[in-house]
Structures are given as C-alpha cells and as structure tokens.
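**Q** Model the following, please.
(2 chains)
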2 protein chains.
Amino acid sequence: MIKEITAGQLDTGQFIAGKVEEIRAAVGSGTAINALSGGVDSSVVTMLGHRALGKSLRTTFIENGLMREGEAQRVAGLFGRLGVPVEVVDAREEFFAALRGVTDPEEKREAITQTFYKKVFGRIVKASGAKHLLQGTILTDVDETVAGIKRQHNVFEQLGINPQEAFGYAILEPLIQLRKDGVRKVGKALGLPSEIFERIPFPGPALAARVIGEATPERIETARQATTIVERILGATSAFQYMAILHQDRVTGMVGGRREFGQQVEIRCWDSLDAREARPTRLPFDVLDSLAREVISGVPGVVSVTYSITTKPPSTIEAV
Amino acid sequence: MIKEITAGQLDTGQFIAGKVEEIRAAVGSGTAINALSGGVDSSVVTMLGHRALGKSLRTTFIENGLMREGEAQRVAGLFGRLGVPVEVVDAREEFFAALRGVTDPEEKREAITQTFYKKVFGRIVKASGAKHLLQGTILTDVDETVAGIKRQHNVFEQLGINPQEAFGYAILEPLIQLRKDGVRKVGKALGLPSEIFERIPFPGPALAARVIGEATPERIETARQATTIVERILGATSAFQYMAILHQDRVTGMVGGRREFGQQVEIRCWDSLDAREARPTRLPFDVLDSLAREVISGVPGVVSVTYSITTKPPSTIEAV
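**A** Numbers count the residues shown, from 1 in each chain, chains lettered A, B, ... in the order given. As a prediction, this is how the structure comes out:
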C-alpha cells in the first residue's frame, strides 16, 4: 500500500530534499537513465534526477515522429536552458514502420508502446550500461492499474531485459506518492517554467491518436499542421482541451473550380473539470469560421472542417 | 435554340392551356407515362399531364429505398387527394443490389441512374405500351448539359429501348422553356399544395448521397433516421438547406460505461441564395446541442455528432 501525500500536506522543500537523497543513495556511483516526453511527470522526474545525479543521469527524448511541430527542439531547448542535457534520439522510421498498415486504435497504441519499450528505449537502456531507471509513475497511474484501466507491466520485461539480466536493475519512481496537483507543486519548486504546466493534455500515442485510420508520415504531418493552427487560435480560450482530428473519410470539395475528393478535419474543444464529463465549448461563430478558414488555407488537401457538438458521454475526449 | 420564358413574362393560365393542348395533340388516343419523384419539376409535369390526359396518363413513383421516411406514402397520398392516381413500384431490392459493394460517389450515382432507367423504369415503360414519355426537364438542365456539367443522354437508349424500337416513341418536355421560379408559378396555378414548393432540396441519389461509403439498407436507415430528426429540428429555420451525413469512419464513444467504436453523423446547415456559394448557418448552440442529443438518443449506433463549419467553396453542399 502506497502512502499518499496530498498536495495540501506536501512540503515541497522537504519532499525534494528527501527524494534527491533517496536517488543518490540508490544509484551510488552508477548511472541512471530516464525518458523525457515533455509532459509534467517526466519533466519533474528529470529535474529531480538531475539535481540528485548531475552528469550521472542520462536523459533521452525519443523523437517518434508523432509529436507536435518542433516538440523535440522545444523540450531539449527548455531543459538545456535549465542546465539539463537532453539527448534527442531520432526513431521516426522505427515508429512509422511499426504503424504501417495498422488502422485499429488499440493496435496503434500497442504498436507505439511496443516500439517505445522493446525496441527503442530498451536498446538505449541496454547500451547505456545504466542500471537505474527513473520513471514518472504517479499514484493515479497505480490506481488505474489496480482498477484494470491500465495494464500492469513488468517494466524490464517490456524493455526486453530478461529476468536473469534484470538482476541488478532497479526502477526508481520518486513521484509515486503524489497526484497531478502535487507533481505540479514540486515542478514549480524545482524551477520548471510555466509552459510545462500550462500546455493542454496531449495523448500518449500523440498524433497517432489524432488520425483515424493508418498513421503514415504524410497523414501525421497533415494532423500536425492542423494541430498547430487549432492550438494557436484556441490558445487564448480557457477550454480544458482542444484538438484537430484527421478523418479517413473523403468528402467532395471544390478546389480551383474543380471537384476534388478531399480530406476532412474535425475540431474538438472541450469544457471540463476532470475529463470524466465534458461538453463542447460554445465558441463564437467568428472563431469557428477562423478555424475552418485557416485549416483549409494552411493544410494542403483539406476541403472540409467540422466541429464536434457531442457531449462526453457518449463521446470521448479523443476520437480514436 | 430553346426560347426562354422568364418567370416575369410567364402568363400561367395561357402557358398551362397551351401545354395541355400540345400534350393532348401529341398523345392523341394513345397513353403516356411519367415518373414522379415528388420534386417540383416532376410534380408540375404530373399535374399538366393529368390535366391533358386524365386516365391516359400513367404516373409511377419508384420506391428505391433511398428516400426520406414515409416519402412514397406522402407523395402518393398528396396526389391522390388531388385526384391523380400514382402507382408506387417497390424496387428497393434492385437498387440495393446495384449499390452492393459500391463506395465511390460517382459509381453510386451511376448505379442508381442505371438501375432507374435501364432496369426499373425501362421495364415499366416497355410493359405499359405507352409511347409517350413526359419528363420534367427545365432550361437549367439543358444549360448544364451544354456546359458539360450533366452528361447528354439519349433517354430511350438509357431506358434500354433500341433505336428500331424507339421509332414511334416520343418524349414530351413541357417545362423546357422555364427555370425553377417559372415552374413554381405554374405549379401554384395548377393547385399544387405549398409543401411541394417549400421542401428543401434533396439530392438525386437521395440518401445514398448522405452516406459516405457503401449504401447498405442498414446504413441508409441510419441516415434516414438522422435526416428525420435534423429536418424536424431545423424545419423552423430559414436556412437554404440542411442535412445529416453518416460517416464511415468509426470514432470511440462510451455507451453504458463501456468503450464502443461507434458511428458519427455530420450535420450541415447552409445559408445560400442559389447554392453556388454557401456558408454554415450560425445556429444557436442550444440548437446544436439539441441536434446532437436527439440524433444520439434517436439513432442507434451513433456516438458522435459534428457540425460543418466550412464555407462553399472549398466545401460543396453535399458531402459525396
């Protein structure tokens, strides 16, 4: 049973000092490794690990080709300015190879997870010689695993490290007693900039969850361009989350006076407290009009834009 | 060169008397046949033909399975009350057989046209012994054929009647000098009820144009149910046209607490003068909310509803 530390109870100074001590004690003169995604949890773990280990921590950012425009540069740059070196690993080809021909949403997620752990990060961990792995698991992840929402995994098995080899490997989860609000408090105390906390949530499978059907490099690029536009235009709203989804269905459009069977982008923008229930934000029609116009002029091949008007439930936040 | 009669020039009493005389003179003691769709043009032709020929006109309504809820009963009932007998021919199986496996929009249109002319109506014409065919061609149809928008057709060839047999057959097009506004004036003068004129336009391929992908009986039924709801809720607006489109893409939804890969319906509602340019009607969000709620509760299998926010161009009025 893990003992929760609520955000109210949390003394960030004491918490950070304690975790830094624990990490140092565990790793000793060895090295540790972690994967940074740019999300809140992995960013806070990176800062804690860096404070504890300095150059004995290897932080990698795996470029899977499925992220927002300029994401690798943004995250590496941000941590670079904080004095934390981040190694960007270009694994785009491996991810797209794993996604080739996969159209089922669950199979897409599985392909991304497998490629991440078994192939790319597993290889990096083994090659690094690091025996300590820092992970940003939080208490909510544990709850969801227990409740059966997320599957329980043996991380080393996922990494393709067999039980014999795994002897001597250790996983460190310094955030496991916290929930999201506690993690944010720790992150702020560690000096992480506000942009880490203010970004709207982005799904694990990244843009692969934002295309219906196969996630080819071309289709991901289309979804990425639409995402950039939607996030720019809706960045000023107080909405809980917003997104652009590339559909697989083709619809008729007129391009240069000719009929063209083109692509459709669906925009979703949600009002919600905790993502359990949500309703479409009542955006002014002038904003909806700008969204449609800019997506159509800025994203080649798109002839139609829709706005989701369904509540959750029965919709979900993401489309696939 | 066909001499246009503008709505302004049109003397409906004189026009009707002249056309009745022409039809009587052409058909003589023979019989004529026509296909009634319930649209303005074919309705006006039916009334003119009935006035000219009485029982020597056979009017058929071909039930293709692709029309609005209760359409055959509505049209036959309406003309029955005007004293015009309409024979409803159930050809649903033939149309669905022709549409099986067809997903390309142009091929769907072609399958419907071929089934209508070559198979169903051709067979009825040949069996009827009628040598005169009344058609609701208007001047705009001729213009579009000349401009290459519609293909030119030899109607008898389309009906599968070969040139030798076609000797003796004649096609009568009493509305060919008029445009839509003139046709409406004539229709009102002939005593057609306002519901014939007030219905929003419906595409030729009917609900087959309102499903993306294959038009199976089940998918057409889904589109039909959504259409009924959308036309009921938006019937009070002054919009130019509105519609429900069933997508082929599946999106994730929550039904009874479980994840379900369900269907999506797109709603379009257009402000337009003449369909050449159009913009989405700025419906109040309360109305959008009702649309989504009622489609989801009234149409099994639908978990997501969107509203088109694109202008025409680059969108078109219909999706396929």
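
**Q** pull the helix or strand with minimum mean pLDDT from chain A.
**A** Confidence across the helices and strands of chain A bottoms out at helix A:163-166, with a mean of 66, counting by mean pLDDT, DSSP states H and E.

**Q** how about the strands in chain A?
**A** A:32-35, A:57-63, A:86-90, A:132-134, A:170-172, A:241-255, A:258-271, A:279-280, A:302-308 (DSSP state E).

**Q** Can you give the strand pairings for the third one, parallel or anti for each?
**A** Using DSSP bridges, the strands paired with strand A:86-90 in its sheet are strand A:57-63 (parallel).

**Q** Same check on the fourth one?
**A** Within its sheet, and counting by DSSP bridges, strand A:132-134 is paired with strand A:32-35 (parallel), strand A:170-172 (parallel).

**Q** highest average neighbour count across those?
**A** Among the strands paired with strand A:132-134, the stretch with the highest mean neighbour count (mean count of other Cβ atoms under 10 Å in any protein chain shown) is strand A:32-35, at a mean of 23. Every C-beta, even on glycine, is put in place using the N, C-alpha and C of the backbone.

**Q** separation between A:G160 and chain B?
**A** 29 Å (Cβ to the nearest Cβ, to the nearest Å).

**Q** A:G49 now?
**A** Distance, A:G49 to chain B, by Cβ to the nearest Cβ: 35 Å.

**Q** and what of A:P201?
**A** For A:P201, the distance to chain B (Cβ to the nearest Cβ) stands at 16 Å.

**Q** For that residue, which residues are in contact?
**A** Each residue near A:P201 by Cβ atoms under 8 Å, 6 or more residues apart in numbering or on different chains is listed here: A:241, A:275.

**Q** where exactly do the helices run in chain A?
**A** Along chain A, counting by DSSP state H, helices occupy A:12-27, A:40-53, A:71-81, A:92-99, A:105-114, A:122-128, A:139-146, A:155-158, A:163-166, A:180-189, A:194-198, A:217-234, A:285-298.

**Q** In TSV: those helices, plus mean neighbour count.
**A** As requested, the helices of chain A are exported to TSV (neighbours: other Cβ atoms under 10 Å in any protein chain shown):
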stretch	mean neighbour count
helix A:12-27	15
helix A:40-53	24
helix A:71-81	16
helix A:92-99	18
helix A:105-114	17
helix A:122-128	16
helix A:139-146	15
helix A:155-158	16
helix A:163-166	11
helix A:180-189	19
helix A:194-198	12
helix A:217-234	20
helix A:285-298	18
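
**Q** Which of these comes out lowest on mean pLDDT?
**A** Mean pLDDT is lowest for helix A:163-166 out of the helices of chain A, coming in at a mean of 66.

**Q** Contact partners for A:T281?
**A** The contact partners of A:T281, by Cβ under 8 Å, 6+ apart, come to A:237, A:239, A:242, A:269-271.

**Q** Now with 7 Å, please.
**A** For A:T281, the contact set (Cβ atoms under 7 Å, 6 or more residues apart in numbering or on different chains) comprises A:237, A:239, A:269-271.

**Q** By neighbours, which of those wins?
**A** With neighbours defined as other Cβ atoms under 10 Å in any protein chain shown, the most crowded of the contacts of A:T281 is A:C269; it has 24 neighbours.

**Q** What distance do you get for A:G253 to chain B?
**A** For A:G253 relative to chain B (Cβ to the nearest Cβ), the value is 5 Å.

**Q** er, A:G39 I mean
**A** Distance from A:G39 to chain B, by Cβ to the nearest Cβ: 21 Å.

**Q** And for A:R109?
**A** The spacing between A:R109 and chain B, counted by Cβ to the nearest Cβ, is 11 Å.

**Q** Likewise for A:R68?
**A** Taking Cβ to the nearest Cβ as the measure, A:R68 and chain B are separated by 21 Å.

**Q** what sits against the residue nearest to that residue when sequence neighbours are not counted?
**A** Nearest residue to A:R68, sequence neighbours excluded (Cβ to Cβ, 6 or more residues apart in numbering or on different chains): A:T227, at 6.1 Å. Contacts here follow Cβ under 7 Å, 6+ apart; on that basis A:T227 touches A:68, A:207, A:210, A:243-244.

**Q** and A:Q263, how many residues sit next to it?
**A** A:Q263 has 22 nearby residues by other Cβ under 10 Å.

**Q** on that earlier part again, the strands paired with strand A:132-134 into JSON lines, with extra columns for mean pLDDT and distance to A:S128?
**A** Shown next, in JSON lines, are these (pLDDT from 0 to 100; distance: least, Cβ to Cβ, whole Å):
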{"stretch": "strand A:32-35", "mean pLDDT": "97", "distance to A:S128": "5"}
{"stretch": "strand A:170-172", "mean pLDDT": "91", "distance to A:S128": "14"}
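
**Q** Between those strands, which one is closest to A:A26.
**A** Closest to A:A26 of the strands paired with strand A:132-134, according to Cβ to Cβ: strand A:170-172, at 5.9 Å.

**Q** contact partners of the closest one?
**A** With Cβ under 7 Å, 6+ apart as the criterion, strand A:170-172 contacts A:23, A:26, A:131-135, A:155.

**Q** From chain B, how far off is the residue nearest to A:I229 when sequence neighbours are not counted?
**A** Among residues not flanking A:I229 along the chain, A:E294 sits closest, at 5.0 Å (Cβ to Cβ, 6+ apart). Applying Cβ to the nearest Cβ, the value for A:E294 to chain B is 11 Å.

**Q** could you dump the contacts of A:T227 to CSV with neighbour count, pLDDT and distance to A:A7?
**A** Shown next, in CSV, are the contacts of A:T227 (neighbours: other Cβ atoms under 10 Å in any protein chain shown; pLDDT from 0 to 100; distance: Cβ to Cβ, whole Å):
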residue, neighbour count, pLDDT, distance to A:A7
A:R68, 16, 93, 28
A:L207, 27, 96, 31
A:R210, 28, 96, 31
A:M243, 26, 97, 27
A:A244, 27, 98, 32
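
**Q** residue contacts, the closest residue to chain B within the stretch 1-150 of chain A?
**A** Nearest residue of the stretch 1-150 of chain A to chain B (Cβ to the nearest Cβ) works out as A:P105 at 6.6 Å. A:P105 makes contacts with A:320, B:252, as judged by Cβ under 7 Å, 6+ apart.

**Q** most centrally placed residue in chain A?
**A** A:G204 (4.5 Å; Cα atoms, centre = their mean).

**Q** contacting residues around that residue?
**A** Taking Cβ under 7 Å, 6+ apart, we find A:G204 in contact with no residue.

**Q** same thing with the one 4 residues further on?
**A** Taking Cβ under 7 Å, 6+ apart as the definition of contact, the neighbours of A:A208 are A:66, A:99, A:108, A:112, A:215.

**Q** make it 6 Å
**A** By Cβ atoms under 6 Å, 6 or more residues apart in numbering or on different chains, the contact list for A:A208 reads A:66, A:108, A:215.

**Q** could you redo the strands paired with strand A:132-134 as TSV and give each row distance to A:M254?
**A** Formatted as TSV, those follow (distance: least, Cβ to Cβ, whole Å):
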stretch	distance to A:M254
strand A:32-35	46
strand A:170-172	56
